[in-house]
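Student: fold the following for me, if possible:
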Amino acid sequence: MKMLLKIGSFLGLVLTLVPPIIFFVGNLELSLMKGYMGIGMVLWFVTAPFWINKPSKSEEV
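Tutor: The predicted model follows:
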């Protein structure tokens with residue numbers, strides 16, 4: 001479960017950071033960029049709080 005949250009968080013960050021770069025290059029429209037960034041933001045804020053700063057099982061000795 002924790003691994004799925006990490007993958008979702010990483011995907012959220014990618015969807016937040018990559019579209020502005022593609023827009024700057026000129027290969028993406030403004031409305032699509034905003035949509036991708038909105039989805040990435042929501043995905044990050046939904047998944048990240050559940051695993052960041054939580055000790056892993058190996059650290060709970």
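
Student: now the helix or strand containing Leu11: average pLDDT?
Tutor: Element membership for Leu11 (DSSP states H and E) is helix 2-25. Averaged across helix 2-25, pLDDT comes to 96.

Student: list the helices and strands that helix packs on?
Tutor: Applying 3 or more Cβ pairs under 8 Å, 6 or more residues apart in numbering; DSSP states H and E, one finds that helix 2-25 contacts helix 30-47. Using the backbone N, CA and C atoms, a C-beta is placed for each residue, glycine as well.

Student: which positions in the helix it packs on come out as buried?
Tutor: Buried residues in helix 30-47, defined by neighbour count with 16 or more other Cβ atoms under 10 Å: Met33, Tyr36, Met37, Gly40, Leu43, Trp44, Thr47.

Student: farthest pair within those residues?
Tutor: Spatial extent of those (Cβ to Cβ) is set by the pair Met33 and Thr47 at 21.4 Å.

Student: what's Met33 in contact with, if anything?
Tutor: Counting by Cβ atoms under 8 Å, 6 or more residues apart in numbering, Met33 makes contact with Pro19, Pro20, Ile22, Phe23.

Student: how many residues are close by the second one?
Tutor: Put plainly, it is Pro20. The burial count assigned to Pro20 is 14, neighbours taken as other Cβ atoms under 10 Å.
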